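Chemist: compute the structure for the input listed below.
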Amino acid sequence: MTYALAKDAVTNVMEEEASGAAAASLREQLS
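Modeler: Next comes the predicted model:
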């Protein structure tokens with residue numbers, strides 16, 4: 001149970017970083 005929660009937390013952080021990087025690159029392309 002604890003392992004699953006930790007894995008979910010890591011996945012959420014990775015997804016947030018990926019979406020943040022995608023948004024940043026998109027802003028660069030539009031500017």
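
Chemist: now do the strands in the protein.
Modeler: With DSSP state E as the criterion, the chain has no strands.

Chemist: quick one: the helices in it?
Modeler: 2-30 (DSSP state H).

Chemist: what residue ranges in this structure score low on pLDDT?
Modeler: Of all residues in the chain, none has pLDDT under 70.

Chemist: let's see it at 80
Modeler: Across the chain, residues meeting the criterion (pLDDT under 80) sit at 1.
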